[in-house]
Every structure is written in structure tokens, then in C-alpha cells.
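K.L.:
output the structure for:
(chains A and B)
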There are 2 protein chains.
Amino acid sequence: MTNSSHIDVQPRSCTVHAPATVANLVCGFDVLGMCLEAPYDLMSIKLLDERKVIMNKVEGFDLPTDPAQNTAGAPLLAMLEEVNQPIGFEVSIQKHIKPGSGIGSSAASAAGAVVAANHLLGNIFSKEDMVRFAMIGEKVASGVKHADNIAPCIYGGITLIRSIFPLDIVEIHVPELHITVVHPQIEVRTADARQILRKEVLLKDAIRQWGNIGGLVAGFMKNDYGLIGRSLEDVIIEPVRSMLIPGFDEVKQKCKQAGALGGGISGSGPSIFMLSKDEGTAKEIERVMKDIYNRIGLAQHTYVTTVNLTGVHVLDSQ
Amino acid sequence: MTNSSHIDVQPRSCTVHAPATVANLVCGFDVLGMCLEAPYDLMSIKLLDERKVIMNKVEGFDLPTDPAQNTAGAPLLAMLEEVNQPIGFEVSIQKHIKPGSGIGSSAASAAGAVVAANHLLGNIFSKEDMVRFAMIGEKVASGVKHADNIAPCIYGGITLIRSIFPLDIVEIHVPELHITVVHPQIEVRTADARQILRKEVLLKDAIRQWGNIGGLVAGFMKNDYGLIGRSLEDVIIEPVRSMLIPGFDEVKQKCKQAGALGGGISGSGPSIFMLSKDEGTAKEIERVMKDIYNRIGLAQHTYVTTVNLTGVHVLDSQ
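P.N.:
Sure, this is the predicted structure:
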């Protein structure tokens, strides 16, 4: 063993499964998020005997290898600062969640890294602590410390960020839901998508929005699919951001006609998600989405998945 | 029997119990409301054989007797319009909920009248229909058709108005709660209290508010008293309206120190309500409130009560 043996460190390396997430859930801008079964990244982390973070190049993506500039690296540097021991981490990522897709690619990297590192440290940090570390990665990625992807990625299921300062995360009961996601192959940068939002909103719109948020939370907790569907309405953010996404209005309209409960922009886009009560409908929604983007002539990825109730989890460690 | 006998009308008169309500519940401006066991009005309605509404003078209060200008009368005129039969109503009210107190005095009159009339009509209207009629009374009282007192008054318990157009009322699970209300004897007109609100709010404040609304709804449904307390925060309306209520900040601070989960302005004030987990705390809160207003030199009424799960109900009919 090494000179870090006074921390209860058993494994020297581990691999984690870091899932995609849908932030906002239409009406819950910056507060609601949902963890998905697919897609997900695989991340492997090795313990080093020196206080540093090494980010190995991510195959197929042009991501910064300077740990301070990297979504996974920056939270690990903060963790090392806090544990204050002569240890470090070497990180390798098999990235399947495309950066800029709007389904929590940066959150998966940040949350995955933090959960893996915490596992190697003997789980000395709570889930809430891990959210705090991982938010540092979101700051690197988008300039803003937000937790609406991070929280569901670490907790699993559906989470509400009641407050970010002080951090207050609420786990919301999850009914059976099937999610269809389409990622049209255009890039919307989170920072740009934030830029176009107005700093002020009409009080009457805010009231409509908070009625919907209350309705959506109640709908999830009561397994009331009708209420979930009616509450999936956004009068503030979607009218502005949807303009950045070709085909958005048609996708939304046709998916609802095809039986989806409702849906909208995933995070800051360009991915669009739809919720359905059953898998058959979710697959039909996928066909509708593909048809629209094939007709528009825009390449796309689609996913038909369910809610991941676990969040980031360790696959193996040695 | 009369020529209105083709409607299944059995009783010719009835008396109803019409409870006070707390609208907004701090963070849920215009969307949340809670029904109280006390105080309440008693209303007696007689069926007439002629299409008209008679409002008898309300002992001790200067309320309009022209039914079109009266909170209870206007909804009844609308009901008569809809049933289109040669019948009418004569209304007498024993008013215990003082107009302008902020605990749903006008809503109790409107909802009580509608529920009583519907009873005499053989319950031909749904609860949602009754809310729609009663909202006409709120329009007469304050110039705005709002349902955040009407809905809990008719449904009982805690209600969320997800949407007002179209009307969408959600019943929220109610944990054990004890409510203390203080009504300092000053008048704040609902119309004035609306006037001073800004038409626009900061997006960041709206986000904080919708985090709290989601938290409060989840807190009620999960019986999570800590979460309920943390979510009872209003960064938009309270900072403006509380200036109209002498002693507000001190009441809030000292009641929380004395063990209240939290609370704030009831409706548009001037009443202040506090929620507690147990009756002992709720009574202690009453003492704190009385002490503050006695020191300020402002007469006050206080109530220590619980959540009324029934809403307006018929006491007797003949």
C-alpha cells in the first residue's frame, strides 16, 4: 500500500456508468431533471499516488485535457483540495452522450467522475456533497453552476432543486414513464441558449409557470398521467429557445397527436424529449420524430428509454 | 309543488357552513390555497318561485344588497341564467369572516351561496362548475376572477390551481397541520394589494419561486415538514405586500423562533398565518402574535385551527 493508506481506500480503480439526463422537464427551468437509462457514458478512474488529475483523451471528441478546463477534471481537483492527501486520479471516458446534445453530457462526465472518485475514497462524501463538486464541472462547461442535470444524474429518478444556494434537492416519486429523445445533429451551446433569455418575465407568465410546476410535481407523485401531460407547458423559455431548433413545433404537435403525454426541449436543446405511458407509444413517437427530421433532411439520433432510478453507479472496481 | 317541479328539487331551503381560506400559501401566488376549520360563515338560502335573487342585509357589515354587486348574489344570478327556470334564491348570511381580512371572506360568501343553491337544485353542477360560478363573486369583490380561495373553499384541503383558463384544479394531499392566524385590525383591499405588484419579475426570482412551489407541493405530499418549512419562502410578492402590514417582519421572525414551520401573508393580507406541526406550538404562536400586536397597540383577532378537509358543507335542509 501507499502513503495514502490512512484513508480507508480499498479499490485502486473502478468503472462507472454515467447516465444522460433531461433538465427542466418543460416547465421546471433550472429546477427539475430526470435521469435516463440510455444513453450513458462509461468512465474508468485510477487512483494515483500523487496529487494530480490526468484526463486521458476522449476518443472521437475534442474535449480539453487540461483538468482545470475539463468538466470531469475540475470537480476532481476540488475534491483533492478538500481531502488534502497525496493522491490523484487518472480518468478515461468512453463517451456516448454527445457534448452539446442537451441531454446532460457535461453532467454525466462531472457526476461520473465524482461518484467514481468518491468510491475510491471509501465513500466519504454524501450525495449532496457530490452534487456540489460536480456543479463545478457545469461551471466549466457553461459558465453557470447549475444542478438540474447533476442532481438527477447522481440521485437517479426525478429531482427538484428547491434551492441552489443553499443546495436543497428533493427526490420526486417517479411513475412508469417511457421517454423518447431525438437529437437532431445541430449544436446549441448551453451558454448561447442562456444568452437569448430575457432577464425579466411577466408576472402573469410566471404564475402560469408555477401552476404548471406544482401540477407536474403533483402529477408525478399521484401517478396522474393526465395532469402530467397538461402540466408539460412552458410559456417562458420554450417560446424563445425553440426557435433555435428546426422542426420543433411540428415534432411537438405530431408526437402529442401520436399519443405522447407531452414534452419539449431537453435542457437547452437541441434534443427534444417526449414522455409516454407505454413503450409502444414511445416507439411510435420515435418513428414520428425520425420521419420529420428525415423529411427536413437533418441527421438525427433517437433513444427510446425509461427513467433510471439509480443514477451514476459503479460497475466494477479493483 | 311549483312549476319548477320538473327539476328534481326536494328541499326548499338549507343552511351551509362556509369556511375561511388562506390563499397563496406564501410561495404560490394565485395558485395555492388551504381551507380552514375556523372561522366560518353560516348561510341560509331559500328557494323562490320567481327568477330573482334577494340578498338580505348582513348584520354588522355594510355589504351591497343589490345581488349583481354582491359577492354571493352575482354567482347566483349566473346560476339562474344557466338553469333557465322560474326559480330564485333568498340569501341570509351570518358573517363571521370579516371582509378585507385576507382569509377569504368574499370567497366564503360566493362559494357558500353556490354550494347551497346547487344543493337546492339537486346537485346538478360539479365542483368545478361551482368554482366557475363562485369566481364571478370574486370578480365583483376584487375586479379579478381568481380561484385560489374559491377552490379550497369548495374542495376543502389544499388545492393547486394549475390553470385558470382552462380551469384545472389539483387536490394536494394534506399532512397534519395546525394553523395560527392573526388578523390585525387594519384594512388592506385586495384590489390595492394587487395594484402595488410589479407587472414584471426577474427570471432569477421566478426560478427561486418555482423551486419553492415544487418543494411545497412535494413537502405536503411527502409529509415532509422540514421541506414544507424551507419552501415557505416568497421572494416576489411578500417583499412588496408586507410593507402594508405593520409588524409583519417581527411576527414572522418570532413565530419561526417559537417553532412555526413558516408562514406569511394570508391572501392579500392583512392577516398573517403560520403553520405548525402540533397544536401546542400553534397556541404558543398565537401568544407570540398577540404580544407583538398588543405592544404595537393594534387590536387583533386570532384563530388557532386545522385544515378543513371538506370545504363548504350543508348543515341542514328542509
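
K.L.:
kindly report the residues of the stretch 1-150 of chain A close to chain B.
P.N.:
Within the stretch 1-150 of chain A, the positions adjacent to chain B are A:27-32 by C-beta under 8 Å from any C-beta of the partner chain. From N, CA and C alone the C-beta is placed, and that goes for glycine too.

K.L.:
what do you get for the stretch 201-318 of chain A?
P.N.:
A:201-204, A:206-219, A:221-222, A:227, A:230-231, A:236.

K.L.:
narrow the residues you listed to just the buried residues.
P.N.:
Listed as buried from those are A:201-203, A:206-219, A:221-222, A:227, A:230-231, A:236; burial here means 16 or more other C-beta atoms under 10 Å in any protein chain shown.

K.L.:
can you name the element that comes right after the strand ranked longest in chain A?
P.N.:
Counting residues, the longest strand in chain A under DSSP state E turns out to be strand A:32-48. Next in sequence after strand A:32-48, counting helices and strands by DSSP states H and E, comes strand A:53-55.

K.L.:
and that next one, how far out from the chain's middle?
P.N.:
Per C-alpha atoms, centre = their mean, to the nearest Å, the displacement of strand A:53-55 from the mean C-alpha position of its chain is 22 Å.

K.L.:
mean confidence score for it?
P.N.:
Taken as a whole, strand A:53-55 has an average pLDDT of 97.

K.L.:
what's it packed up against?
P.N.:
Contacting strand A:53-55 under the criterion 3 or more C-beta pairs under 8 Å, 6 or more residues apart in numbering or on different chains; DSSP states H and E are the following elements: helix A:73-83, strand A:88-94.

K.L.:
in CSV: these, plus mean neighbour count and distance to B:V131.
P.N.:
Below are the helices and strands packed on strand A:53-55 laid out as CSV (neighbours: other C-beta atoms under 10 Å in any protein chain shown; distance: least, C-beta to C-beta, whole Å):
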stretch, mean neighbour count, distance to B:V131
helix A:73-83, 21, 49
strand A:88-94, 20, 54
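
K.L.:
now tabulate the ones you listed in TSV and tack on mean pLDDT.
P.N.:
TSV is the format used below for the helices and strands packed on strand A:53-55 (pLDDT from 0 to 100):
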stretch	mean pLDDT
helix A:73-83	97
strand A:88-94	97
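
K.L.:
before we move on, back to that, quick one: mean pLDDT for the longest strand of chain A?
P.N.:
97.

K.L.:
run the chain-centre distance for it.
P.N.:
The chain centroid and the centroid of strand A:32-48 are separated by 9 Å under C-alpha atoms, centre = their mean.

K.L.:
please point out which parts of that strand sit buried.
P.N.:
For strand A:32-48, using 16+ other C-beta under 10 Å, the buried residues are A:32-41, A:43-48.

K.L.:
how about stretch A:223-235?
P.N.:
Using 16+ other C-beta under 10 Å, the residues of stretch A:223-235 that count as buried are A:224-225, A:227-235.

K.L.:
which of the helices or strands spans the residue of the stretch 201-318 of chain A found nearest chain B?
P.N.:
With C-beta to the nearest C-beta as the measure, A:G215 is the residue of the stretch 201-318 of chain A nearest to chain B, at 3.7 Å. Element membership of A:G215 [criterion: DSSP H and E] is helix A:203-222.

K.L.:
that helix - contacts with which helices or strands?
P.N.:
Under the contact criterion of 3+ C-beta pairs under 8 Å, 6+ apart, the helices and strands touching helix A:203-222 comprise strand A:168-172, helix A:225-231, strand B:158-163, strand B:168-172, strand B:200-202, helix B:203-222.

K.L.:
repeat that with 6 Å
P.N.:
helix A:225-231, strand B:158-163, helix B:203-222 (3 or more C-beta pairs under 6 Å, 6 or more residues apart in numbering or on different chains; DSSP states H and E).
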